[in-house]
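Enquirer: below is the sequence, then the predicted model.
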Amino acid sequence: MAGQFEDPALNRVVDDIDRRAEAGSGYSESDRARVAITIPPKGISGRDLSADQRHLLRRLVALYTGRAPEFLADAYDTH
């Protein structure tokens, strides 16, 4: 099965950690629905942002992509 470890005991440990983390996060099914990838996409289109908003968005994206490992960042020209 995809996404599973070959060792059943390891699968059980990972599943248990996942369940405990989910339960402790307070993240609900309605939260999942709000952030799920959908077609059409949710949110505002970049073309509908003002120049200042686009600038802030680029800075935010750079903050995240700037933390990527060099080999990955180079592939997406983020550094």
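Expert: Right, received. Where do you want to start? Keep in mind the model is a prediction, meaning the values are calculated, not measured.
Enquirer: how many other residues sit next to Ala68?
Expert: 14 (other Cβ atoms under 10 Å). Where you see a C-beta, it was placed from the backbone N, CA and C, and this is true even at glycine.
Enquirer: any idea how far Val13 is from it?
Expert: Shown here: Ala68 relative to Val13, a distance of 29 Å by Cβ to Cβ, to the nearest Å.
Enquirer: cool, and Ala21?
Expert: From Ala21 over to Val13 the distance is 13 Å, taken as Cβ to Cβ.
Enquirer: and Ala73, by the same measure?
Expert: On the measure of Cβ to Cβ, Ala73 and Val13 end up 33 Å apart.
Enquirer: quick one: low-confidence ranges for the protein?
Expert: Counting by pLDDT under 70, the chain shows low-confidence ranges at 1-2, 76-79.
Enquirer: quick one, helices of it?
Expert: With DSSP state H, the ranges of helices along the chain come out as 8-25, 29-35, 51-65, 70-75.
Enquirer: what is the distance between the first one and the centre of its chain?
Expert: Which is helix 8-25. Helix 8-25 has its average C-alpha position 19 Å from the chain's average C-alpha position, going by Cα atoms, centre = their mean, to the nearest Å.
Enquirer: can I get that helix as CSV, trimmed to CA atoms?
Expert: Only the C-alpha atoms of helix 8-25 are listed here, as CSV (Å, rounded to 0.1, in the frame of the first residue of the first chain):
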residue,chain,number,x,y,z
PRO,A,8,3.5,-3.4,10.5
ALA,A,9,4.8,-2.4,13.9
LEU,A,10,6.3,0.8,12.6
ASN,A,11,3.0,1.5,10.8
ARG,A,12,1.1,1.2,14.1
VAL,A,13,3.6,3.5,15.9
VAL,A,14,3.3,6.1,13.1
ASP,A,15,-0.5,5.9,13.0
ASP,A,16,-0.7,6.2,16.8
ILE,A,17,1.6,9.3,16.7
ASP,A,18,-0.6,10.8,13.9
ARG,A,19,-3.8,10.1,15.8
ARG,A,20,-2.5,11.7,19.0
ALA,A,21,-1.2,14.7,17.2
GLU,A,22,-4.5,15.2,15.3
ALA,A,23,-6.5,14.9,18.6
GLY,A,24,-4.2,17.3,20.4
SER,A,25,-4.2,19.9,17.6
